[in-house]
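Visitor: Here's my sequence, what's the structure:
(one chain, ligands or ions: 2)
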Amino acid sequence: MGPVILAIESSCDETAAAVICNGKVLNNIIASQAVHRKYGGVVPELASRAHQKNIIAVVDEAVHQAGISKSSLDAIAFTRGPGLMGALLVGASFAKGMALALGKPLIEVNHLEAHVLAHFIEEPKPAFPFLCLTVSGGHTQLIQVTDYLTMEVIGETRDDAAGEAFDKAAKLMGLPYPGGPLIDQYSQQGDPKAFSFPKTEMPGLDFSFSGIKTAFLYFLRDQKKANPNFIEENLPDLCASFQHHLVGMLLDRLEEAAKQTGIKEIGIAGGVSANSALRAQLQARASKLGWHIYLPAFEYCTDNAAMIAMAAHYKYQQGLFTSLDTVPLARYPIAQ
Ligand code: KG4
Ligand code: ZN
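Guide: Ligands and ions are numbered 1, 2, ... in the order given. Alright, predicted model coming up:
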């Protein structure tokens, strides 16, 4: 039997644990933190406390569901970063404590590499080289992946993340946090061409979303002057138009990256990859351009520990272990 690894993820607002056996994910346990909803965003201090509260139950559940004893684990993996420092410290300290108590090796995982490696949890798996567009609440990156642990960021956002842009636009329309999924829902009944917004041009393969956020803010402000009920009366059209604009920005860059690298194996990762317009339009471009596209199951797209476990599996195979004095990194770029 191959290695059995317990992985812990605590970089933001999900406390998660998973067990992987010989490269096969056995479970994927997540405790989502509802506490942030009323604040309209993740409150770091509250995230750390909620991780402290949930982590034992989440880890116990993963081990229990795997039907193993802790002593039969071959390694303990954790998210070293990037993420919220206080939140990362909870998972890292817990993983170290377990590794020390059980006398097992420790494996650190880069959260962003793990989002990419979520593509290898289930079939069909991409062939190398492949291009991954990671779009989440905290990150927007175009990554050229040469091998499981060899990847390079070839484009990224200069300001807000794509998910952040969705969430901020939703907030401007009075929708609760996180607004991304709600924009997606309302868009189903809206006209994506009802309103148009200016495009922000960035050099190379980088992204910028602060311009569209500001343009949307001023647009709503001006419309509300003429009609105080403008948002309520046009919510589906507003959502569909904003979504159409943002998805277009993401896919235009992805198409450019595919053209420049000549890669046709294309994946998307991160919470925003759940967006139905992004999926539909990715499919349309794939048909047009001959891409093979990969869309992991939703539970592996949003923050989860199964992807951390998958990354840990590849690191274990290469003997990439971490010393017990390793500290989390709030900023932890993908190795170039
Ligand atoms: O990957 P994720 O769970 O956490 C981070 O690492 O940030 O991504 C969460 C982000 C949030 O900004 C949320 O609004 C966005 O993903 N999101 C969506 C959709 N589902 C989640 N955005 C647009 N459409 C969706 N269907
Ligand atoms: Zn993430």
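
Visitor: Whichever residue of the stretch 51-200 of the chain sits closest to ligand 2 and ligand 1, how far apart?
Guide: Closest residue of the stretch 51-200 of the chain to ligand 2, C-beta to the ion: residue 136 (4.4 Å). Backbone N, C-alpha and C define where each C-beta goes, glycine included. According to C-beta to the nearest ligand atom, to the nearest Å, residue 136 and ligand 1 sit 3 Å apart.

Visitor: Would you mind measuring from that residue to residue 202?
Guide: Residue 136 sits at a distance of 19 Å from residue 202 (criterion: C-beta to C-beta, to the nearest Å).

Visitor: ok, those two, which is more surrounded?
Guide: residue 136 (24 against 16; other C-beta atoms under 10 Å).

Visitor: need the contact list for the nearest residue to that one once chain neighbours are set aside.
Guide: Nearest non-adjacent residue to residue 136, counting by C-beta to C-beta, 6 or more residues apart in numbering: residue 270, 3.3 Å away. Counting by C-beta atoms under 8 Å, 6 or more residues apart in numbering, residue 270 touches 115, 134, 135, 136, 139, 162, 163, 301, 302.

Visitor: Just want to check the distance between residue 270 and ligand 1.
Guide: Taken as C-beta to the nearest ligand atom, the span from residue 270 to ligand 1 is 4 Å.

Visitor: how about residue 5, phi and psi?
Guide: phi -120, psi 140 (degrees, to the nearest 10).

Visitor: Would you confirm that it contacts residue 74?
Guide: Yes. Applying C-beta atoms under 8 Å as the test, residue 5 and residue 74 come out as touching, 6.1 Å apart.

Visitor: Name the residues contacting each of the two.
Guide: In contact with both residue 5 and residue 74: residue 316, using C-beta under 8 Å, 6+ apart.

Visitor: More neighbours: which of the two?
Guide: Neighbours were counted for residue 5 and for residue 74 using other C-beta under 10 Å; residue 5 has more, 27 against 15.

Visitor: Can you tell me the number of residues neighbouring the closest residue to ligand 1 within the stretch 201-336 of the chain?
Guide: Of the residues in the stretch 201-336 of the chain, the one nearest ligand 1 is residue 271, at a distance of 2.1 Å by C-beta to the nearest ligand atom. Residues near residue 271, counting by other C-beta under 10 Å, number 24.

Visitor: In contact with it, which residues?
Guide: 135, 136, 137, 163, 178, 180, 301, 302, 303.

Visitor: element containing residue 199, please.
Guide: For residue 199, there is no enclosing helix or strand under DSSP states H and E.

Visitor: what pLDDT does it get?
Guide: Looking at residue 199, its pLDDT reads 84.

Visitor: now it, nearest residue through space, not along the chain?
Guide: Counting by C-beta to C-beta, 6+ apart, residue 249 is the residue found nearest to residue 199 once chain neighbours are left out, at 7.0 Å.

Visitor: Quickly note the distance from that neighbour to residue 201.
Guide: 10 Å.
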